[in-house]
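A.B. asks: below: sequence and its predicted model.
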Amino acid sequence: MENKIIDILLVEDNPNDAELVIRALKRKNLVKNLSWVKDGEEALDFLYSRNKYSQMKNSPKLILLDLKLPKISGIQVLEKIKKDKNLKTIPVVVLTSSKEDKDLTECYQKGVNSYIVKPVDFSEFMSTVTDIGMYWHFLNQPLK
């Protein structure tokens, strides 16, 4: 695997949702290099350059994180990221179907940068993802 800068790490177990996110971001040219992982364990492998990601040495500029993931939950991934001095400055946007207050509260307590509930409507979903990409790519000032 070549060593390149990853703009966005998408952590999403639902292939349909992942395809929509990727399509929305690419349609507006909001991402050049996106990596998609399908569970929490794979996300941590990616971020810590383990197993099949052992050749990857760059951190993503943004992490889009689902909460309800197999193996390791999104909340556990978030907690690990925000406790790590080398990863904690990477913005993490939770993009989830969970409207539960306990999930929202726990994510903010653990340091999430934004919590967005996935719209059910296709056009709203596409618009929401585009807005996320526009904000984090053009408006937000990242720590250098």
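C.D. replies: Thanks, I have the structure now.
A.B. asks: next, the most centrally placed residue in the chain: phi, psi?
C.D. replies: Relative to the mean C-alpha position of the chain, the nearest C-alpha, by CA atoms, centre = their mean, is the one of Leu64, at 1.6 Å. Here is the backbone geometry of Leu64 (degrees, to the nearest 10): phi -100, psi 120.
A.B. asks: that one pairs with what?
C.D. replies: In this entry, Leu64 is beta-bridged to Leu10, Val93, by DSSP bridges.
A.B. asks: pLDDT at it, what is it?
C.D. replies: With respect to pLDDT, Leu64 scores 96.
A.B. asks: that one contacts Val11, correct?
C.D. replies: Yes: checked against CB atoms under 8 Å, the pair Leu64 and Val11 is within contact range at 6.8 Å. Using the backbone N, CA and C atoms, a C-beta is placed for each residue, glycine as well.
A.B. asks: how much space between the residue nearest to the centre of the chain and Ser54?
C.D. replies: In this structure, Leu64 and Ser54 are separated by 23 Å, where distance is defined by CB to CB, to the nearest Å.
A.B. asks: number of residues surrounding the nearest residue to Lys118 once chain neighbours are set aside?
C.D. replies: Once flanking residues are discounted, Lys118 sits nearest to Ser97: 5.1 Å by CB to CB, 6 or more residues apart in numbering. By the criterion of other CB atoms under 10 Å, Ser97 has 14 neighbours.
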